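1. I need the structure of the sequence given here:
(chains A and B)
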2 protein chains.
Amino acid sequence: MVSLIDDEAIAIIERNADRILDEIGMEFRGDLETLDLFKIHGARVDGERVRFDPGWCRDKIKTAPSVFTQHARNPERSIQIGGNAQVYAPSFGPPFVHDMDGGRRYATLDDFRNITKLHHQLGPVNHSGGVVVEPVDVPVPLRHLHMAHAHLTMNDKPFMGAVTAPERARDTIEMCRLVMGADFVDRNCVLYSVVNTNAPLVMDETMLWALKEYARAGQCTVVSPFVLGGAMSPVSVAATLAQVLAEVMASVALIQIIRPGAPAAFGTFFSPISLKTGAPTFGTPEGTQFQMCAKTLADRLGLPFHSVGGLTASKVPDAQAGYESQAQLMGAALAGVNFIIHATGCLEGLLTTGYEKIVMDADRCSAMQQFVKGVDFSEAAQAMDAFFEVEPGGHFLGATHTQENFESAFWMGEMSDNGTYEQWHAEGGLWQQERASARVKQLLDDYQPPEIDTGIREALDDFVARRSREIEGENR
Amino acid sequence: MVSLIDDEAIAIIERNADRILDEIGMEFRGDLETLDLFKIHGARVDGERVRFDPGWCRDKIKTAPSVFTQHARNPERSIQIGGNAQVYAPSFGPPFVHDMDGGRRYATLDDFRNITKLHHQLGPVNHSGGVVVEPVDVPVPLRHLHMAHAHLTMNDKPFMGAVTAPERARDTIEMCRLVMGADFVDRNCVLYSVVNTNAPLVMDETMLWALKEYARAGQCTVVSPFVLGGAMSPVSVAATLAQVLAEVMASVALIQIIRPGAPAAFGTFFSPISLKTGAPTFGTPEGTQFQMCAKTLADRLGLPFHSVGGLTASKVPDAQAGYESQAQLMGAALAGVNFIIHATGCLEGLLTTGYEKIVMDADRCSAMQQFVKGVDFSEAAQAMDAFFEVEPGGHFLGATHTQENFESAFWMGEMSDNGTYEQWHAEGGLWQQERASARVKQLLDDYQPPEIDTGIREALDDFVARRSREIEGENR
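-> Now for the predicted structure:
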């Protein structure tokens, strides 16, 4: 909806990206097959550095769909990615959790499961996410099995695939085949996985392997350069846009070489670093400006756009968390981001997910979803009759139009206290994080798992058990 | 910048407003002179009800300037109102204050002065405001004298005039004449005062008198219908837009009849009420949608647009306050609101101003000011040389471009903690409201009053003393 980049600036950024790809190129490390593929298709390969003639990447990207469906195991939860659709998804990757009772601590598999249960119940969140927290009590080589198992049994929304090793990507795909049918998975997108470039202008071996696995399986790969602006890109929005565009174009071109038509998306994660302390910052003007411009560049490539929602550097669910998360989320909503990752739970710049923050953020996702629907100017909404019914100086509470429409007329948040001071005080004078703490407990108490066929559930359990034994054997 | 209303919808709303003014009309209560003025100029007066032929109001409004300057006593602090300018101003009207040490309590003149001192020092706030809090320890008939005295001596930014009685408006103008020169005040706008209609479709005696005083003196009057949507307007954005447009058009037409060319502005205050509890709500999607549409309607009339910033229903400076205030403020910034009132301090839907909230909000005003500047696409910002200087996989921290630009490259907040968890924890693990509490104390300790000529200061003091005696005599 909102763009901050005009045609002249678009031409500048696209020309700079083309020049970067042509004269500097991008490094694809540790994978000869990728380099061979690029060579066969006409890119200029020199060691691990690959350079591209202007227009080459754009041409390859043309086969990527601009809109596609990610299927959930519950078809009612399947989502459209691209076009006018906006998906709101949980934070990805935090090793810590925070709650009001226990403070900050390393996350466990129990936390992973609890968070997956919460998101199952939170209506405004359309996705179960990926690594909603790192389950640090599970050995690294086994984590992907337990995470996919939780996503597939405790939540019936779509989810993300593992990207940390090719066999983990294959395991995740296999688990989807057990649940949704091998045939269905072969012919449809059921996984949406995020691959980060190592800005500037590098994709490493691990990410390349994941990208190749998912592309071959026809599953969606989002290429999302992870950029701490000023360190991993030059210290400006304009320069970072060119760099990110270059990295995404080369990487999505690779996906399309591997399997023309495989779903892909243009992702961004841009955090300007504090040039005083070197720390990443969130909810800043440049973060949103960057996002709004990048959306326009993605539109120009015909790719769905994936970017960040409620990020904050705050360690706790305080006002800083509220201000920063709302700024980032509202920017994403207004930019028309198609897949808003980190929409819920973020604290400490994604090092932590907050239990209370999840339910607080979900309420703001709901507000943004209402906002982007726009204004109803229908004859019913104009309510001209009401003006003739109510005299000047009167009130509309009893008017026919009000009575007919009051229940659905205005958005109402679940986590905001709008009552009087006296009422609020009488109810304990709770700050939002305290009300959220009670809500989290209520949701976990009320949780009912989505239905699953017993045979499928057993097959999943068996798969996790068997693969665990195999992996433990390999690592012994 | 962002509008949510297209040409077709604009035509609908304008037609509905015209029809409301033509067929229902607006009541101007308790002032025969106003009714006579309307009659003389061709409006249809029936008792206190005034009806307007379509186009009549628009025609009268044409003499209002679309851009003007409000002069501060320090010329460097004078502000442009209208065009692309955005002014950020304090909350208006709260009877209570809140701080972390003392909680919520009735505000006093000392609070008024402290808040005026804070805003003098907060760079992102361009205005000293009006009734920043109600000084409830001062008798009502004397408050305006002490408030104007504080604005004129403790802060050198522009401020707002009293609207609670015509003699109070005259006193405020007189005090400006003492400080800025009678001649200057007669020829320039030095006061910006907000007049609320009593929605729906009423302007009362008190507001009419204030409007007339300021209009005659060539001072700016903002006509801002105060609307709790669903009670004081029909329960929809579209209907409320038509009602507010009607009220503003009739009232600004009156200003222009009184003194053609007198500065005026189109104001809005729209809070959807919770149809469950009847309580006003803030930071909601409809609030921002309304504001963005109304800005377009104001542009169509060639009037500067005045609307709300950081409103929240929260009683305390918690995450709810952060989310809601940021949503409302970002909406205002993106809508291009020319005068953003309630940008700092709001708690409890304007019943309370929070000391800590003021400094927290000011930081977000700064962020929004940076945001609306847009993106720099200059050759320097493109930084193409940096890509040739830094290899793929390298980092830009030491690059020439970074070294030359790092100090001013990215916006940095003063109230956000961006450091590591360990650093934050070592510094006491303070939540934002606790850091803000320390900052408030520091600002009040560091406060230095702006310079003022001794003779002028004495004249002001004498005026307040003399008028206090006169008013106390009248009220005895």
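2. Quick one: the helices in the stretch 101-250 of chain A, in order.
-> Under the criterion DSSP state H, counting those that start in this stretch, helices of the stretch 101-250 of chain A are mapped to A:109-121, A:140-154, A:166-180, A:182-187, A:205-216, A:237-258.
3. Of those, flag the one that's most buried.
-> Comparing the helices of the stretch 101-250 of chain A by mean neighbour count (mean count of other Cβ atoms under 10 Å in any protein chain shown), helix A:237-258 ranks first with a mean of 27. Bear in mind the C-beta positions are built from the backbone N, C-alpha and C, glycine included.
4. Give me the mean pLDDT for it.
-> Mean pLDDT, helix A:237-258: 98.
5. Quick one: distance of whichever helix or strand comes after it to the chain centre.
-> Counting by DSSP states H and E, the next helix or strand C-terminal to helix A:237-258 is strand A:264-267. Averaging C-alpha positions (Cα atoms, centre = their mean, to the nearest Å) puts strand A:264-267 11 Å from its chain's average.
6. any idea how far A:Met203 is from B:Asp318?
-> Taking Cβ to Cβ, to the nearest Å as the measure, A:Met203 falls 42 Å from B:Asp318.
7. just to revisit the earlier point, could I get the helices of the stretch 101-250 of chain A as JSON lines with distance to chain B?
-> Putting the helices of the stretch 101-250 of chain A into JSON lines (distance: least, Cβ to the nearest Cβ, whole Å) gives the following:
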{"stretch": "helix A:109-121", "distance to chain B": "17"}
{"stretch": "helix A:140-154", "distance to chain B": "22"}
{"stretch": "helix A:166-180", "distance to chain B": "22"}
{"stretch": "helix A:182-187", "distance to chain B": "35"}
{"stretch": "helix A:205-216", "distance to chain B": "13"}
{"stretch": "helix A:237-258", "distance to chain B": "4"}
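8. would TSV of those with distance to A:Ser78 be doable?
-> Formatted as TSV, these follow (distance: least, Cβ to Cβ, whole Å):
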stretch	distance to A:Ser78
helix A:109-121	15
helix A:140-154	15
helix A:166-180	11
helix A:182-187	12
helix A:205-216	18
helix A:237-258	22
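9. can you tell me the residue of chain A closest to chain B?
-> Closest to chain B within chain A is A:Gly322: 2.4 Å, counting by Cβ to the nearest Cβ.
10. Run through the residues that contact that residue.
-> Taking Cβ atoms under 8 Å, 6 or more residues apart in numbering or on different chains as the contact definition, A:Gly322 lies against A:360, A:432, B:318-326.
11. does it sit in a helix or strand, and which one?
-> helix A:319-335.
12. Low-confidence ranges, chain A, go.
-> Low-confidence segments of chain A (pLDDT under 70): A:1.
13. okay, now A:Asp461: neighbour count?
-> A:Asp461 has 12 neighbours, counted by other Cβ atoms under 10 Å in any protein chain shown.
14. Tell me who's in contact with the closest residue to A:Phe371 other than its chain neighbours.
-> Sequence neighbours aside, B:Pro285 is the residue nearest to A:Phe371 in space, at 3.7 Å (criterion: Cβ to Cβ, 6 or more residues apart in numbering or on different chains). Shown in contact with B:Pro285 (Cβ under 8 Å, 6+ apart): A:367-368, A:370-371, A:373, A:411.
15. what's the farthest-apart pair in the residues you listed?
-> Distances among those were taken as Cβ to Cβ; the most separated pair is A:Ala367 and A:Lys373, at 11.1 Å.
16. So between the two, which is more surrounded?
-> More crowded of A:Ala367 and A:Lys373, by other Cβ under 10 Å: A:Ala367, with 25 against 11.
17. List the contacts of that one.
-> For A:Ala367, the contact set (Cβ under 8 Å, 6+ apart) comprises A:411, A:413, B:283-285, B:327.
18. What is the nearest of those residues to B:Thr268?
-> Nearest to B:Thr268 among these: B:Thr284, at 14.3 Å, using Cβ to Cβ.
19. residue nearest the centroid of chain A?
-> Ranked by distance to the mean C-alpha position of chain A (Cα atoms, centre = their mean), the top residue is A:Ile341 at 2.0 Å.
20. Show the backbone phi and psi for that residue.
-> When read as degrees, to the nearest 10, the backbone of A:Ile341 gives phi -90, psi 160.
21. Spatially nearest residue to it (excluding sequence neighbours)?
-> Using Cβ to Cβ, 6+ apart and skipping the chain neighbours, the partner closest in space to A:Ile341 is A:Ala89 (5.0 Å).
22. ok, now how distant is the closest residue to A:Thr164 other than its chain neighbours from A:Gln219?
-> In space, and not counting its chain neighbours, A:Thr164 is closest to A:Thr206: 6.4 Å by Cβ to Cβ, 6+ apart. As judged by Cβ to Cβ, A:Thr206 and A:Gln219 stand 17 Å apart.
23. Equivalent analysis for A:Leu301, please.
-> Here the criterion is Cβ to Cβ. By it, A:Leu301 lies 20 Å from A:Gln219.
24. Next, A:His342: phi, psi?
-> On the backbone of A:His342 - angles per degrees, to the nearest 10 - the values are phi 60, psi 30.
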